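Peer 1: how would this look folded up:
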Amino acid sequence: TVIASFPEMAFDVEFDAQRGRAYVSLPGSRELRFVDLATGTTTQTAHFSEIPEEIALTPDGQRLWLALPAQTHSDYWFDEDQSGFLAGFDLAAGVQDRHFAIALDPYDLVATPSGTLVVGSGSGQWTSIAAFDGASGAELGTWVGAPGPAGATDAPVAPARPAQATSARTRALRELAEGL
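Peer 2: Numbers count the residues shown, from 1 in each chain. The predicted structure is shown next:
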């Protein structure tokens, strides 16, 4: 059964059982759509000048976060060339109330119960992972490499193709976030 259709491929979809919605990021039109799961209609659309990609709901379902790379990901952008944004939504009020610039090209995103956002980079030769305060946008720490079973390591990892690495990278971010 088709719930809703869009004129382009979605980058990410996050389901909100509490509100009976799906949140859909559409990078081509630079939109985040709120879709009613009962009717399949778009009830709200947020527009961005940046590229909307990864979506994360807080564990309590009260906030939605969106990763917004400033430009298309590239293996040739190094740390000093990376930039992006994080947008936050208060779902009870139905409004975007946060928009932070970050010195990282955001790809993967996890929101923790404590309000920390853990972001994995999408460009460069190595994966960087940074933690940000969801209230202020302040960077809390950065790890270079990939998290291993016992936490973050300093070992570099080979650049990953997003389509092949998304689920593994997201699982690794979630494991790291659980310790925050």
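
Peer 1: now for T42, how many residues are close by?
Peer 2: By other C-beta atoms under 10 Å, 15 other residues sit near T42. Yep, even glycine has a C-beta here, placed from its N, CA and C like the rest.

Peer 1: apologies, that question was intended for Q18.
Peer 2: Q18: 11 surrounding residues under other C-beta under 10 Å.

Peer 1: same check, this time on the one 4 residues further on
Peer 2: By the measure other C-beta under 10 Å, the count of residues near A22 is 20.

Peer 1: with S114 instead?
Peer 2: The local packing of S114 (other C-beta under 10 Å) involves 11 other residues.

Peer 1: check E54 too.
Peer 2: Neighbour count of E54, defined by other C-beta under 10 Å: 25.

Peer 1: surely it and V110 touch.
Peer 2: No. Between E54 and V110 there is no contact under C-beta atoms under 8 Å: 9.1 Å.

Peer 1: which residues does the nearest residue to F132 once chain neighbours are set aside bridge with?
Peer 2: Among residues not flanking F132 along the chain, L117 sits closest, at 4.6 Å (C-beta to C-beta, 6 or more residues apart in numbering). L117 has these beta-bridge partners by DSSP bridges: A111, F132.

Peer 1: and for the one 4 residues further on?
Peer 2: Bridge pairing for S121 (DSSP bridges) gives the partners P106.

Peer 1: who are the neighbours in contact with it?
Peer 2: Q82, L104, D105, P106, Y107, T127, S128, I129, A130 (C-beta atoms under 8 Å, 6 or more residues apart in numbering).
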